[in-house]
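Trainee: Show me the folded form of this:
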Amino acid sequence: MPSSPPKSPFYGGWLLGLAALRLAAQSLLIHPAYQLHRDEYLHLDQANHLAWGYISLPPLTSWVAWLVQALGGGEYWVHFFPAFFGVLTLVLVWALVHELGGGFYAKLLAAGAVLLSALLRINLLFQPNSFDVLAWTAATYCLVRYLHTTRLAWMLALGAVLGLGMLNKYNVVFWAAGMLPALLLSEHRQRVFGRRATYLAAGLALLIFLPNLLWQVQHHFPVVWHMQELKRTQLVNVEASDFLKSQLLFFLNSFWLLVAAGVGLARWPALRPYRFLGWSVLLTLAIFLGLHAKDYYAIGLYPPLLAVGAVYMEHLLRAGRWRYLRPVLPLVQLLLIVPMLRVGFPLQPPAALQARAADFEALGLLRWEDGQNHPLPQDFADMLGWREMTDKAVAAYQLLPDSLRAHTLVLCDNYGQTGALNYYSRGRLPLAVSFNADYVYWFPDLSTIRAFVLVTEDGGPDKEDEQHFQRVQRLTTVEEPLAREHGTQINLLTGPDQAIIQKLKLRLQDRQQLR
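Mentor: Numbering: from 1, shown residues only. Now for the predicted structure:
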């Protein structure tokens, strides 16, 4: 393998321009009618409860959420960080093309594939997925650099990336699950597994990840409970055909680059040293299919593969009759992003998207985690109704006399409701909690509670529980028709007796012990 990258120019000016375009795209891809996504509210709320772990994910996202808060907490900064991680992914793919010997044309093709793809959608939301894709891409880049140079620093960098990746999302373990056997079967087996650098890197990754591992031990491995719950409620509805269809759609405008990567790795001698990359992708996809994983779990596999495909395509088009396609392929990337924009992003108001339901249904995008079809894609429905819900909860709270407000519990059914109230109320409500997700650890002392603002999808307390309150008022509901929370009810409950308080304490204790 070459000991250093090619001496061709890096074209940093072009890269800077593409990075700026990538950042600017964030503010153009969401219509103002939409709010933050359900999952974003939980991640943002974790900044108020910094810890080395959470039920739903490791701690790195909460650290970024703390930065968002330090910068004012506005929606611009919420969207900035996933976009920034997208920019870093773009930079690494550009650098990997350079490392593989590609020139400017290959870099442009690879950058277009990353820029104009489903990664735009991934980088739209404040979730751990953007950093996850970055970690997969960075790990592959560090590995290739190590194989070129055998410098300890690059293997340690790989260990640091994997450690941070595990602090972000456990999904990065599947990068290793596919890569390690691929390397064992490759010509690099001795270079990787026969040197101490690999084991030092593994130790560094474990050291970085260790605080979260200890947190899992102290809390009886809630990640196991979370994965079992995920498998029972969501992954059971994942079909292999839908998973594979999504893999085709992720990079629809550049799918031919993925095909070129496969052909190039199989046939072109210059890419023979990198065949392990292709095998690792196939192995990881097989693991995900066996586990009924969600389609986007695998998206981190593709940025390095796009770099390989771009290098091979540049080689094919450098001379001969196919050279006339050189200006055509970037145009194809631009043109094919148009249909992706129409169905992949909330560029229009909800009613306008509902009118085009057939477009979404044809691609299976109306099928939610419950396995049923709905009027809007789930992600879009999860970005509606939150401000309305918050305003109505605040109005209910304001009905209480001052003597009760300091002793009020705002209780919600799920983490989306809870996090949204805490984000939009801005101090107008006590911090909301829920028996769902990480909120079970953040309850106040229930013994002091004398009133409840209850936000629920179930219509309020049942008749048995109702008798334990002096007064139950079913006030209003969320009226946004296309919101996933449509019909969620706002209730005001006052004068709880000790029996209901004790029942809530026992329920809270049970939920904490389940984890």
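
Trainee: Pull up the pairing partners for the strand or helix carrying T476, direction included.
Mentor: Counting by DSSP states H and E, the element that carries T476 is strand 469-477. Partners of strand 469-477 in the sheet, by DSSP bridges, are strand 489-496 (antiparallel).

Trainee: Identify each buried residue in the partner strand, please.
Mentor: The neighbour-count check on strand 489-496 (16 or more other CB atoms under 10 Å) flags Q489, I490, N491, L492, L493, T494, P496 as buried. Yep, even glycine has a C-beta here, placed from its N, CA and C like the rest.

Trainee: Repeat that for stretch 30-46.
Mentor: Of the residues in stretch 30-46, those buried (16+ other CB under 10 Å) are 30-31, 33-46.

Trainee: Kindly report the same for stretch 307-320.
Mentor: Using 16+ other CB under 10 Å as the burial criterion, the residues of stretch 307-320 that qualify are A307, V308, G309, A310, V311, Y312, M313, E314, H315, L316, L317.

Trainee: Please render those residues as JSON lines that adds secondary structure and pLDDT to the earlier fields.
Mentor: Listed next are the buried residues of stretch 307-320 as JSON lines, based on DSSP: H, G, I helix; E, B strand; the rest coil; pLDDT from 0 to 100:
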{"residue": "A307", "secondary structure": "helix", "pLDDT": "97"}
{"residue": "V308", "secondary structure": "helix", "pLDDT": "97"}
{"residue": "G309", "secondary structure": "helix", "pLDDT": "97"}
{"residue": "A310", "secondary structure": "helix", "pLDDT": "96"}
{"residue": "V311", "secondary structure": "helix", "pLDDT": "96"}
{"residue": "Y312", "secondary structure": "helix", "pLDDT": "96"}
{"residue": "M313", "secondary structure": "helix", "pLDDT": "94"}
{"residue": "E314", "secondary structure": "helix", "pLDDT": "94"}
{"residue": "H315", "secondary structure": "helix", "pLDDT": "93"}
{"residue": "L316", "secondary structure": "helix", "pLDDT": "91"}
{"residue": "L317", "secondary structure": "helix", "pLDDT": "91"}
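
Trainee: Mind putting those residues into CSV with distance to Q467?
Mentor: Putting the buried residues of stretch 307-320 into CSV (distance: CB to CB, whole Å) gives the following:
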residue, distance to Q467
A307, 65
V308, 67
G309, 67
A310, 68
V311, 72
Y312, 72
M313, 72
E314, 75
H315, 77
L316, 77
L317, 77
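
Trainee: Which one of those residues is nearest to A111?
Mentor: A310 (8.6 Å; CB to CB).

Trainee: what about that closest one, distance to G278?
Mentor: Counting by CB to CB, to the nearest Å, the gap from A310 to G278 is 15 Å.

Trainee: cool, R321 as well?
Mentor: Going from R321 to G278 by CB to CB gives 27 Å.

Trainee: follow-up on the earlier one: what does the strand holding T476 rub up against?
Mentor: Where contact means CB atoms under 8 Å, 6 or more residues apart in numbering, the residues beyond strand 469-477 that reach it are 392, 395-396, 399, 459-461, 466, 487-497, 500.

Trainee: unless I'm mixing things up, T89 is touching I122, no?
Mentor: No - proximity of T89 to I122 does not meet the contact threshold set by CB atoms under 8 Å, at 9.4 Å.

Trainee: Give the residues shared as contacts by those two.
Mentor: S130, V133.

Trainee: So the two - more neighbours on which side?
Mentor: Applying other CB atoms under 10 Å to T89 and I122 shows that T89 carries more neighbours, namely 26 against 21.

Trainee: Just give the nearest non-adjacent residue to L482, would you?
Mentor: Once its chain neighbours are removed from consideration, L482 has its nearest residue in P350; the separation is 4.4 Å (CB to CB, 6 or more residues apart in numbering).

Trainee: what's the weakest-modelled helix or strand in this structure?
Mentor: Comparing every helix and strand of the chain by mean pLDDT, DSSP states H and E singles out helix 222-233 as the least confident one, with a mean of 73.

Trainee: Next secondary structure element downstream of the helix or strand containing G416?
Mentor: For G416, the host element (DSSP H and E) is helix 415-425. Past helix 415-425, heading to the C-terminal end, the next element that is a helix or strand (DSSP H and E) is strand 433-434.

Trainee: who does that following strand pair up with?
Mentor: Pairing partners of strand 433-434, with direction, according to DSSP bridges: strand 408-412 (parallel).

Trainee: Need the CA coordinates for the strand it pairs with. CSV is fine.
Mentor: C-alpha atoms of strand 408-412 as CSV (Å, rounded to 0.1, in the frame of the first residue of the first chain):
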residue,chain,number,x,y,z
THR,A,408,-47.8,20.9,41.3
LEU,A,409,-46.5,18.0,39.3
VAL,A,410,-46.6,18.2,35.5
LEU,A,411,-47.0,14.6,34.4
CYS,A,412,-46.9,13.4,30.8
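
Trainee: how far off helix 415-425 does it point, in degrees?
Mentor: If you take axes from the mean of the first three to the mean of the last three CA atoms, to 10 degrees, strand 408-412 sits at 130 degrees to helix 415-425.

Trainee: how distant is strand 408-412 from the center of its chain?
Mentor: The gap between where strand 408-412 is centred and where its chain is centred comes out at 28 Å by CA atoms, centre = their mean, to the nearest Å.

Trainee: nearest spatial neighbour of the residue nearest to the spatial centre of the chain, skipping sequence neighbours?
Mentor: Closest residue to the average C-alpha location of the chain: N129 at 2.6 Å, with CA atoms, centre = their mean. In space, not counting the residues next to it along the chain, N129 is nearest to I122; the distance is 5.1 Å by CB to CB, 6+ apart.

Trainee: List the buried residues of stretch 250-263.
Mentor: For stretch 250-263, a neighbour-count test (16+ other CB under 10 Å) marks F250, F251, L252, N253, S254, F255, W256, L257, L258, A260, A261, G262 as buried.

Trainee: Okay, and which of those map to strands?
Mentor: Mapping the buried residues of stretch 250-263 onto strands (DSSP state E) picks out no residues; all lie outside.

Trainee: Can you name the two of these that sit furthest apart?
Mentor: Comparing all pairs in those by CB to CB, the longest separation belongs to N253 and G262, at 17.7 Å.

Trainee: coming back round to it: mind putting the buried residues of stretch 250-263 into TSV with distance to A70?
Mentor: Output for the buried residues of stretch 250-263, formatted as TSV (distance: CB to CB, whole Å):
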residue	distance to A70
F250	33
F251	35
L252	38
N253	37
S254	37
F255	41
W256	44
L257	39
L258	40
A260	44
A261	41
G262	45
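
Trainee: Just the closest of the residues you listed to G72, please.
Mentor: F250 (33.2 Å).

Trainee: Which pLDDT value goes with the nearest residue to that closest one once chain neighbours are set aside?
Mentor: Counting by CB to CB, 6+ apart, A118 is the residue found nearest to F250 once chain neighbours are left out, at 4.1 Å. According to the predicted model, the pLDDT of A118 comes to 88.

Trainee: after the helix or strand Q69 falls within comes which helix or strand?
Mentor: Taking DSSP H and E as the definition, Q69 sits inside helix 60-70. Sequence-wise, the next helix or strand downstream of helix 60-70 (DSSP H and E) is helix 75-99.

Trainee: Determine the set of other helices and strands touching that next one.
Mentor: The criterion is 3 or more CB pairs under 8 Å, 6 or more residues apart in numbering; DSSP states H and E, and the helices and strands that helix 75-99 contacts are helix 12-25, helix 60-70, helix 104-115, helix 119-122, helix 129-149, helix 302-317.

Trainee: Okay then, goodbye and thanks.
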